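Novice: please work out how this folds:
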Amino acid sequence: MLIHCWFGISRSTAAAFIVLCAADPARPEREIALALRRAAPEATPNRLMVALADARLGRDGRMTEAIAAIGPGRFAPSGRPFSLQAPRRDSGAT
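Specialist: Next up is the predicted model:
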């Protein structure tokens with residue numbers, strides 16, 4: 001899946017975090033946030049997007065707390081491409 005944003009610091013990193021949380025509900029939110037931070041040191045995920053997804057996914061504030069725990073990313077005029085591994089799902093195809 002490709003998530004694109006012109007600057008790649010706030011909305012796209014929030015979207016990536018949200019998608020990974022939704023795709024792997026058993027994986028701890030903080031672990032996903034730390035993986036995001038390692039992949040994109042300049043990432044500062046949009047807190048409103050994360051809060052809305054947190055409520056919708058029933059994560060009881062854990063997504064919001066995880067993003068707060070990693071803090072804002074390092075200053076950058078724009079982000080850079082990065083990738084994060086999503087869980088693999090068996091397609092059931094034979």
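Novice: next, count neighbours for L52.
Specialist: For L52, the count of nearby residues is 15 (other C-beta atoms under 10 Å). From N, CA and C alone the C-beta is placed, and that goes for glycine too.
Novice: and it, how far from P41?
Specialist: Per C-beta to C-beta, to the nearest Å, L52 is found 25 Å from P41.
Novice: and for R59?
Specialist: Taken as C-beta to C-beta, the span from R59 to P41 is 24 Å.
Novice: so between these two, which is more surrounded?
Specialist: Per other C-beta under 10 Å, whichever of R59 and P41 has more neighbours is R59, with 18 against 13.
Novice: surely the more buried one and R30 touch.
Specialist: No: between R59 and R30 there is no contact under C-beta atoms under 8 Å: 11.3 Å.
Novice: CA atoms only: put the top helix by length along the chain into CSV for me.
Specialist: Taking DSSP state H as the criterion, the chain has its longest helix at helix 11-23. C-alpha atoms of helix 11-23 as CSV (Å, rounded to 0.1, in the frame of the first residue of the first chain):
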residue,chain,number,x,y,z
ARG,A,11,-0.9,13.3,7.7
SER,A,12,0.8,10.5,5.8
THR,A,13,2.7,9.3,8.9
ALA,A,14,-0.5,9.3,10.8
ALA,A,15,-2.2,7.3,8.0
ALA,A,16,0.6,4.8,8.0
PHE,A,17,0.4,4.4,11.8
ILE,A,18,-3.4,4.0,11.6
VAL,A,19,-3.2,1.4,8.9
LEU,A,20,-0.7,-0.7,10.8
CYS,A,21,-2.7,-0.5,14.0
ALA,A,22,-5.9,-1.6,12.1
ALA,A,23,-4.0,-4.3,10.2
